[in-house]
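>>> From the sequence below, what's the structure:
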Amino acid sequence: MTDELHLASWAAAREALRHRDLRQGLYDEGRALMDGVIVNLHGAEHTERRRLENRLFRRDTFAFWERDLIPVLLDESLATHRGAESDVDVVPVVRHAMLRLAASVAGLDIGADTVDFLHLASLMSRLAGASTVVHATGDKSAVVADGLAALDEMREAYLRPAWRRREALLADVSRGLAAEDDLPRDVLTVLLAAREHHDLADDVIEREVAYFPWVGSHSTSIALVHALHHCFDHEDEQPGTLRKLANNPDLLQRYVHESLRLHPASPQSVRRAVAAGRLPTGERFSEGDLVTIDMTAANRDPSVFGLDADSFEPSRTISDGVPRWGLTFGSGFHACLGQELAGGLAPGQSDGAGLHGAITVMISALLLKGARRSTVNPPRRDDRTTRSTWRTYHVTFDPEENQP
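Residues are numbered from 1 along each chain as shown. Next up, the predicted model:
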């Protein structure tokens, strides 16, 4: 009989996330969309895939995106979503800004047509819902079926043209008609170049390319809105906070990291034991056992984060070796590839110019434009999932609050 082990302490959660005999299990219910995707791989197969794709996630690349690309994408998305109304919902604004970046990283060639892009965004929302169906509150089989239909649409409209283009470019390189430096730096190109050596099936490549756009855009937008909400709350308690944050990215980043700690993208992480074992903290499991890690509880462990661990306190003191964002980006060999892109690096962690992360950069840009929480359209939580997310979050832009 299969047992279930529940872990809630920081120490046990961290060790479980790092344990080699515990494989990813969060996406088992959405395996039709996630089978063979990097986050779902284990052992040597995961190591090989990560080694292939790691070359795309470099700090100098993140620094370029943060400095020169993300602010432009945010402005373009704002221009698309701001209409005649007095406020704008920042959930799709941020999600679509990051989707343009994430789709490019994945290897989808997105043009300037707004209608076409919004169609892709709709497909990604459906894929996200199906992939994380474990947290859905409705008919899960219908959610997965809709996700598979979205994958079919994405394949025809976006993936096949991009695939053909990259196959032609790879053929030119193999014939000496082009240099490797001329190839796009994206997941699709990397996997197509390696598919024979690594025995990658076409459907696995399809699911991998489909995964990056939705995870990169949805998780970042959810995290950003949580952090922005805390910034607005602090402004209500201490007027002038937003002006201070807009002009101090190091301070704003501490707000972001504290919000990430309190609001992990998934409230639970799930692992399945591939062999019997024991955690360094003493908990034992048998082959086949389900290990449920309470990420929210672990990130609020008072023995690590203090007696006020449930509170939002950006200035809290944390021991060396404990990330300010807790375990939100995972730990060990399954740590999120994009954690530095989203959250940046804490001061002192980088030899060159520090990374503040996409979330900090975009919140700063919004605050510099005079963003304030709307009093006409209050925020709405998303009741379609057990994840802590906002369905809508409207802000207004006060011209008098625009920063120099």
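>>> Before we move on, what's the pLDDT of residue 350?
pLDDT for residue 350: 57.
>>> nope, residue 137 is what I was after
At residue 137, pLDDT is 86.
>>> what about the residue lying closest to it once chain neighbours are set aside, neighbour count?
The shortest distance from residue 137 to any non-neighbouring residue, by Cβ to Cβ, 6 or more residues apart in numbering, is to residue 384 (5.9 Å). Heads up, the C-betas are built off the backbone N, CA and C, glycines and all. Residues near residue 384, counting by other Cβ atoms under 10 Å, number 14.
>>> same check, this time on the one 5 residues further on
Burial measure for residue 389: 22 neighbouring residues, criterion other Cβ under 10 Å.
>>> I figured it hits residue 379, correct?
No - using Cβ atoms under 8 Å, residue 389 is not in contact with residue 379, being 10.9 Å away.
>>> which residues do the two both contact?
Residues touching both residue 389 and residue 379 (Cβ atoms under 8 Å, 6 or more residues apart in numbering): none.
>>> circling back to that earlier point, so the residue nearest to residue 137 touches residue 139, yeah?
No - in this structure, residue 384 is not within contact of residue 139 by Cβ under 8 Å, at 11.2 Å.
>>> Could you pull out the strands in the stretch 51-200 of the chain for me?
According to DSSP state E, counting those that start in this stretch, the stretch 51-200 of the chain carries its strands in the segments 87-89.
>>> ok, now the stretch 301-404 of the chain?
371-373, 380-381, 390-392, 394-397.
>>> Leaving out sequence neighbours, find the closest residue to residue 222.
That would be residue 389: by Cβ to Cβ, 6+ apart, it lies 5.0 Å from residue 222.
>>> residues in contact with the one you found?
So residue 389 contacts 222, 225, 381, 382 (Cβ under 8 Å, 6+ apart).
>>> again with residue 394
So residue 394 contacts 87, 88, 89, 90, 373, 374, 376, 377, 378, 379 (Cβ under 8 Å, 6+ apart).
>>> and the gap between the first one and residue 394?
Distance of residue 87 to residue 394, computed by Cβ to Cβ, to the nearest Å: 4 Å.
>>> overlap in contacts of those two?
With Cβ under 8 Å, 6+ apart as the test, residue 87 and residue 394 both reach 374, 376, 377.
>>> Quick one: buried ones out of the contacts of residue 389?
222, 225 (16 or more other Cβ atoms under 10 Å).
>>> Okay, and which of the contacts of residue 389 map to helices?
Those of the contacts of residue 389 mapping onto helices are 222, 225, per DSSP state H.
>>> What about the residue lying closest to residue 318 once chain neighbours are set aside, how many residues nearby?
The shortest distance from residue 318 to any non-neighbouring residue, by Cβ to Cβ, 6+ apart, is to residue 324 (6.0 Å). By the measure other Cβ under 10 Å, the count of residues near residue 324 is 18.
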